[in-house]
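Q: Need coordinates for the below:
(2 chains)
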There are 2 protein chains.
Amino acid sequence: MSDNPLYTIMHPSSVVVAGASNNVMKMGSIQAQNLVNAGYKGEIYFLHPTDKEVLGHRAYPTPDELPIAPELALLVTPAKVTLGLIDKLGKRGTRHAVIVTAGFREIGGSGTQLEADLVATAARHDLRFIGPNCIGILNTNIGLNLTVMPYADRPGRLSLISQSGTYVAQLMPYLRERGIRYSQALSVGNSTDIDLVDCLEYLGECEDTAAIIMYIEEIRRGRLFVKTAREVARHKPLVALYVGGTASGARSGLSHTGSLGAPDTLIDGIFEQAGVIRARTVEQLFEWGHTLAVMPVPKGNRIAILTHSGGPATSMADLCDREGLGLPPFSEELQSQIRPLIEPNASARNPVDLTFSLKHGTFVDKIPRILFHSDEIDGVLIHGVMDSGFAMEQYDNIKDRLKISKEEYVRLMVYDLSRLVKMPLESGKPLLASSFMRVDHAAEYFREHDIPLMRYPEAAVLAMSALVRYGAIHRRLEAQGGTVDFPAALPGQTAGGEKKRTVLDEFESKRLLAQYGVPIPHEYKVKSLSEAKKRAAEVGYPIVLKGLPEGVAHKTEAALVHLGITSTKALHEAWRMIEEAAPHCPRLLAGMVRGGRELVVGMTRNRGFGPCVMLGLGGILTEAIRDVTFRAVPVSNDEAREMPDSLRLKRLFDAQRGMLEIDRAILATVITGVGKLALDHPEITEIDINPLIVCGGKPIAVDALVVMEEPEQ
Amino acid sequence: MSDNPLYTIMHPSSVVVAGASNNVMKMGSIQAQNLVNAGYKGEIYFLHPTDKEVLGHRAYPTPDELPIAPELALLVTPAKVTLGLIDKLGKRGTRHAVIVTAGFREIGGSGTQLEADLVATAARHDLRFIGPNCIGILNTNIGLNLTVMPYADRPGRLSLISQSGTYVAQLMPYLRERGIRYSQALSVGNSTDIDLVDCLEYLGECEDTAAIIMYIEEIRRGRLFVKTAREVARHKPLVALYVGGTASGARSGLSHTGSLGAPDTLIDGIFEQAGVIRARTVEQLFEWGHTLAVMPVPKGNRIAILTHSGGPATSMADLCDREGLGLPPFSEELQSQIRPLIEPNASARNPVDLTFSLKHGTFVDKIPRILFHSDEIDGVLIHGVMDSGFAMEQYDNIKDRLKISKEEYVRLMVYDLSRLVKMPLESGKPLLASSFMRVDHAAEYFREHDIPLMRYPEAAVLAMSALVRYGAIHRRLEAQGGTVDFPAALPGQTAGGEKKRTVLDEFESKRLLAQYGVPIPHEYKVKSLSEAKKRAAEVGYPIVLKGLPEGVAHKTEAALVHLGITSTKALHEAWRMIEEAAPHCPRLLAGMVRGGRELVVGMTRNRGFGPCVMLGLGGILTEAIRDVTFRAVPVSNDEAREMPDSLRLKRLFDAQRGMLEIDRAILATVITGVGKLALDHPEITEIDINPLIVCGGKPIAVDALVVMEEPEQ
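A: Below is the predicted model:
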């Protein structure tokens, strides 16, 4: 932390702004005005070529005339001016900058060169910067607002790292409507110097931040991301929206920040490994992040639903099941506490459905108190608390009959929610609300008191599910704590030059894998038919004979594989056919392995993430099923054992009709072994064990391929 | 249509209300007040035991004193009063009622009896009714509002059928906020007389309704639902939220309307077959329904995205890919039309990203005009049109410098959207918008002019996807039009009494299926070992020998199945082992069928839906994979050919490494044949072909089971 420049950037004692003027229709001026008005207590200076005063503050023509070296500079200047300014600010002693200026790498061509020059210039002065091409930063705790939108709320506990400026600033009204409050927000722009990982490290240690959300188009320092995220996620929830994994997402990202996305499936595995909860929309990103920032983490997944309408109760119950949340029917004892409080026809089982009722105290106090105190429940969902909004909807319609004023009527209808909003922290159990009413006293009260209020019932279930998932992540990372030393950087392959590609044949590939603990069949490389007969007798029929001519990747299609050979005669025939297809090629002879399930374990190297192991469903259907999951290497034994749970068809690993449960200990040995091999040998670019047949519950590598790349000698 | 009572219920010339009083804090009075105030032009009467006037209208003590027989009665009376009133209203000549009263079937016990009595009473007078236990109905076109919430908007083109009253009434403020307008809405309550299907039929023919949405906990007349929905969906979009398919959903539903859900997977297939788009949340239900009601249906899936911020552009692009929407990079010609209008650094490719820009006319007129005219595009998404809201956010911050009033400033910032909102109907291409700003002139203008405005960019993509899916449904149903005669009712099995369950053995099951066109292996039932040897020679080794003792369902586990017998010696051994396991049992001898892929085709009878055929991935992993899809019988040949596309692992049906594409013509013969067998034989309760092995691309039934149930003689 000590050397993370973000501590100073987010808490500067003084800020100098370049690119603002007294014309507040310009972007730089809007940003400066936000800084001036937001209550920031540090010193503010302006740079302006001609004006002596900008927005009420003294302006200086050049950095060297500044009375002090400001801790932080904000630059909203044209690109070509920016470089010179950075140089002069560096000379003056400024060591930190936020560069909003666009026109660098994201436009390609000359912009890329300009960005390289910017890096060199900043480096000369040890000046660290966010941007360029960003929308600025926000620290609500000290009134530091360097974005284009005013932040009109008190500080919250949620912090954002975003590769899009829009998601920092333009949605502030959207957040205010929802009662979602920022602690801090960082727009990282081109991430030229300070990037996502620096921000994650900083916010992970930031005491004002209870949860972190990330909008990601690209992860550049992948290994460090995994390492850092995993450390942070142990004690602080992380939610991310990653949009660079599809062809269109990557293309659109490219068009505006020069990013290049990692494949979506890789990211799914990386997030799983790092303990990052993946959101699918920007709404989920903020709703889940907010929920995780303000609510206690539930100890289990047993949820209670409280409503006075059957439709929302049922919609929520249905979605709880889909999300794997438990909705336990209450015990007779718990029901007997609730029943006296509700109408005879209402349900006390879970969901608790009061049906149409005007007994406010029952709905928002008496029953919740019972639920929060019960040890049958880990969290509570409440739908339909709406009071003044409902009253106002009705008032005009019935006012002629009511004989009371609107104010009196509304007062009659308003709930006392003061006890309800305290229950989550008192009990350590989360409370999430949903309501169809926004302009409403109850809605306002929930927003004010940090009870997440969703716009429709299913959104509350999904946010509860995020809480429950974080609980599991927290417990898993605590349990795994420190079992894997995950190096953030690895010895790379020699860069540049021609590479020599070597493909080990199946026999050599398996021998190498066997040294790392991967089970392989009893097998021999045989040179003659007579040797083959001898070995066949040793191994025992039925056997397998394969031709291994150099450079043939798909042996099956080239008629080089002969399975289920049951006799010497059949062996003769297979030998002859291979000889015909590939004369004099080496032969591999092995015992026949049969099994109902085929897996695949592999390793690829991915830009930023280094070697990643893959587990999936294998055999000839691998491509069609495409059910795989990745982890960056090394993976611990525990992580490897849990990898099957990330597959869609994870049930295949359980005992099946006539088949045993797949032995996860052996599977973990294979996965961790492949990972270790990749770490020991940077020249190995690819490993593919396919199929890894499951025979009597035990995985065994029946075919394998290892590919190496070494610089030409 | 002529005999559908809903035409009169939704357009009554007169209404009588029972259960309202001058105390407007009571539910009945609130409903009556809505009727009185909503502009309904028909006659309104009240029934009240003592008061002479209710809410300004004359009240009568009993129905027989009413001056006319009102066309429609609204009852919000206590349950025990309701029955007597229905009887008296019937006597007076009223033939239609909306019964809001609760306390019937949904509470069980005496309520169930009361509901039976209600049915009998109504039937005596040919009186048709909605409810009981509903929240009422709404026809905005004639100011008929019999719900508990005022409807404060002009009529729309979207109609709702709901098994929850909340989703009719309580969310009206939520709808108004979104510019979603009802044409009509029906709360069906217990669906005792008029149900979901009646409503669907009525709204399908209703000229004021352009799209229909449904909230469903239970489908009772399943076959008629499929038939009716399919007819309606050909010309009118249908969207449904079904929540009765999970254990918790079904339990919660049960607790308040006495429903019993059908399994979720069955409903997925039924909706596919009937052309119903399935929503997953109530928000999607309304947003998609609204979009389908107001926007033209796109001819293809090629979408253009227009924004001035990269984050939302990329979020939308990423989701377009996931949803199967095309995001074509624009042709050079199209880009050259756009490029002169935007900044040099902005993207003209798709997404079109203007970056920060105040050129309103370019964003909301010039570029959209080009996009709507281009034949490269079928629909347009626009994110980030926000004007007065954005201006007002900024104003307080910069007002000291601006020197113009808030009104002037806002006027400067407001977009002219008048041309944009006309483009969809002029071009026949949909436009969907999203914005983070709700209190905003542009947002207001969109809502007013029926441009769906979503709260975040991904929601607009999902609604566009619903439009594209409806386009495909419309074309498919048009193409299939009339090829299947789908009977709404089928001859049932004899009800009651002891049933005799007969399980045909594998040999008999396959012979029966073969008569319906299902391919089976070359096979014989053999009585002796010598016969077996003879038949084996005929069939050719390798062969299969199975023992078929009566009543053994899982032959594999009972050691009765011997595959891959390659010699007479092995045949002897297999014969002996079967004899040991099940002495003297019949044996089936067949040619060995090998194949890499195994399917399952089956038939089950489901309450309401009758016989349904199932297609899935088969073999011993059926249960683990659980990838199956259902259709109600009969299915047309075209429908059967398309069934694999409903499976998650549909890629398995394509050509694979070393395997041919699965022959869909043969597969369709199997599926339609199984369906026809079920229709011809109501006594068959279950058919299971598993595995249906794919050998050289051709499916062949390798094991099968037919179960019958007939009344004991």
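Q: Off-centre distance for the longest helix that chain A contains?
A: The residue-count maximum for a helix in chain A (DSSP state H) belongs to helix A:457-480. Chain-centre distance of helix A:457-480: 13 Å, with CA atoms, centre = their mean, to the nearest Å.
Q: for stretch A:332-352, same thing?
A: Its chain's C-alpha centre and that of stretch A:332-352 lie 40 Å apart, by CA atoms, centre = their mean.
Q: okay, how far is it across that stretch, tip to tip?
A: Stretch A:332-352 has its terminal residues 13 Å apart, counting by CA to CA, to the nearest Å.
Q: Now the element after the helix-or-strand element of chain A with minimal mean pLDDT, going C-ward?
A: Within chain A, confidence by mean pLDDT, DSSP states H and E is lowest for helix A:247-257 among all helices and strands, at a mean of 70. Later in the chain than helix A:247-257, the nearest helix or strand by DSSP states H and E is helix A:264-274.
Q: same for that following helix, what does it pack against?
A: helix A:222-233, strand A:238-242, strand A:276-279, strand A:610-617, strand A:628-632 (3 or more CB pairs under 8 Å, 6 or more residues apart in numbering or on different chains; DSSP states H and E). (Each C-beta comes from the backbone N, C-alpha and C, glycine too.)
Q: Show me what the third one is in contact with.
A: With CB atoms under 8 Å, 6 or more residues apart in numbering or on different chains as the test, strand A:276-279 has contacts from A:213-214, A:229, A:233, A:237-242, A:267-268, A:270-271, A:285, A:288, A:466, A:469-470, A:473.
Q: Could you point out the helix or strand that follows it?
A: helix A:282-294.
Q: where does chain A have low pLDDT?
A: Filtered on pLDDT under 70, chain A yields the residue ranges A:1-2, A:254-261, A:481-484, A:492-497, A:552-558, A:620-621, A:712-713.
Q: mind giving me the domain split of it?
A: Domain ranges of chain A: A:295-455, A:522-591, A:597-711, per automatic domain parsing.
Q: Any idea which of those gets closest to B:Ala102?
A: domain A:295-455 (6.9 Å; CB to CB).
Q: isn't A:Phe372 right next to A:Glu426, touching?
A: Yes. Under the criterion of CB atoms under 8 Å, A:Phe372 makes contact with A:Glu426 at 7.4 Å.
Q: higher neighbour count, these two?
A: Shown here are A:Phe372 and A:Glu426; by other CB atoms under 10 Å in any protein chain shown, A:Phe372 has more neighbours (20 against 12).
Q: touching chain B at all, the longest helix of chain A?
A: Yes. Remark: helix A:457-480 sits within contact range of chain B at A:Pro457, A:Glu458, A:Ala459, by CB under 8 Å from any CB of the partner chain.
Q: For the residue lying closest to A:Pro691 once chain neighbours are set aside, give the beta-bridge partners.
A: Leaving aside its sequence neighbours, A:Pro691 sits nearest to A:Glu598 (CB to CB, 6 or more residues apart in numbering or on different chains; 3.7 Å). Beta bridges link A:Glu598 to A:Ile693 when assigned by DSSP bridges.
Q: my guess is A:Glu598 meets A:Cys695, correct?
A: No. Using CB under 8 Å, A:Glu598 is not in contact with A:Cys695; the gap is 10.3 Å.
Q: Show me where the stretch 501-650 of chain A has its strands.
A: Assigned strands in the stretch 501-650 of chain A, in chain order: A:523-526, A:543-547, A:561-565, A:587-591, A:597-606, A:610-617, A:628-632 (criterion: DSSP state E, counting those that start in this stretch).
Q: Reformat the ones you listed as JSON lines; add distance to B:Tyr395 and mean neighbour count.
A: Shown next, in JSON lines, are those (distance: least, CB to CB, whole Å; neighbours: other CB atoms under 10 Å in any protein chain shown):
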{"stretch": "strand A:523-526", "distance to B:Tyr395": "79", "mean neighbour count": "18"}
{"stretch": "strand A:543-547", "distance to B:Tyr395": "77", "mean neighbour count": "24"}
{"stretch": "strand A:561-565", "distance to B:Tyr395": "75", "mean neighbour count": "17"}
{"stretch": "strand A:587-591", "distance to B:Tyr395": "78", "mean neighbour count": "22"}
{"stretch": "strand A:597-606", "distance to B:Tyr395": "48", "mean neighbour count": "22"}
{"stretch": "strand A:610-617", "distance to B:Tyr395": "51", "mean neighbour count": "25"}
{"stretch": "strand A:628-632", "distance to B:Tyr395": "49", "mean neighbour count": "25"}
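Q: Can you lay out these as CSV showing distance to A:Asp663?
A: Shown next, in CSV, are those (distance: least, CB to CB, whole Å):
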stretch, distance to A:Asp663
strand A:523-526, 21
strand A:543-547, 22
strand A:561-565, 23
strand A:587-591, 19
strand A:597-606, 12
strand A:610-617, 14
strand A:628-632, 18
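Q: For A:Pro711, which of those is the nearest?
A: Nearest of those (CB to CB): strand A:597-606, 15.7 Å.
Q: now for that closest one, which elements pack on it?
A: strand A:610-617, helix A:664-680, strand A:684-695.
Q: Now do that strand: distance to the chain's middle.
A: On CA atoms, centre = their mean, the centre of strand A:597-606 falls 22 Å from that of its chain.
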